[in-house]
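Asker: Here is my input; please provide its structure:
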Amino acid sequence: MITLDVNGKKYEIDVDPDMPLLWAIRDGIGLTGTKYGCGIAMCGACTVHVDGMATRSCSMPVSAAVGRRITTIENVGSSRAGKAVQSAWEKLDVVQCGYCQSGQIMSAAALLAEKPKPSDADIDAAMAGNVCRCATYVRIRAAIKQAARSTV
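Answerer: Residues are numbered from 1 along each chain as shown. Here you go, the predicted model:
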């Protein structure tokens, strides 16, 4: 049995320690907001926060997450930065198909938690590797900037 702290709640799950954290969250715990995209940490759809850092859950073994705080899209709105990002996403109608958006939001929230007033270079660095097939990048950047203004 492996115990994970996900969204402030302890979960005991019977999974292989080498299983990717993504599958432990989705299949072991039943939180399906975190998406599978590529399986090689290149698209960002599976992004969660591990101890506040944006982390690709498809490439992190569940054993590496034991004893760490994991936050998923289901709970990102409980933080000031996460709530601001979700609000900006909604106000600016960022989402098109929506598949990548949980990962986009998780990366943006981690950025704003670390740097409340990010530069364009900060945004570029934080969002690198988050792929949006619908190309909503302009709206994503605008939403991050709006969220940053609302958190200061």
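
Asker: Next, give phi and psi for the spatially most central residue of the chain.
Answerer: Taking Cα atoms, centre = their mean as the criterion, Met106 is the residue nearest the geometric centre of the chain, at 2.6 Å. Backbone torsions for Met106, taken as degrees, to the nearest 10, come to phi -60, psi -40.

Asker: Same check on Val6?
Answerer: Torsion angles, degrees, to the nearest 10, at Val6: phi -120, psi 120.

Asker: rewinding a little: can you read off the pLDDT for the residue nearest to the centre of the chain?
Answerer: Turning to Met106, the model gives it a pLDDT of 98.

Asker: Looking at the record's assignment, how would you partition the protein?
Answerer: 2-71, 76-151 (automatic domain parsing).

Asker: Excluding sequence neighbours, find me the nearest residue to the residue nearest to the centre of the chain.
Answerer: Thr47 (4.2 Å; Cβ to Cβ, 6 or more residues apart in numbering). No exception for glycine: its C-beta is placed from N, CA and C like everyone else's.

Asker: Share the number of residues neighbouring that neighbour, please.
Answerer: By the criterion of other Cβ atoms under 10 Å, Thr47 has 31 neighbours.

Asker: Point out where the chain drops to low pLDDT.
Answerer: By pLDDT under 70, the low-scoring segments of the chain are 152.

Asker: Now for Ala126: which residues touch it?
Answerer: 54, 107-108, 110-111, 118 (Cβ atoms under 8 Å, 6 or more residues apart in numbering).

Asker: who wins for neighbours among the residues you listed?
Answerer: Of the contacts of Ala126, with other Cβ under 10 Å as the count, Ala108 tops at 33 neighbours.

Asker: wait, that one sits on Ile144?
Answerer: Yes: Ala108 lies in contact with Ile144 (Cβ atoms under 8 Å); the separation is 5.0 Å.

Asker: what do the two both touch?
Answerer: 85, 127.

Asker: Please enumerate the helices of this protein.
Answerer: 21-23, 80-91, 101-114, 120-127, 137-151 (DSSP state H).

Asker: Lovely, talk soon.
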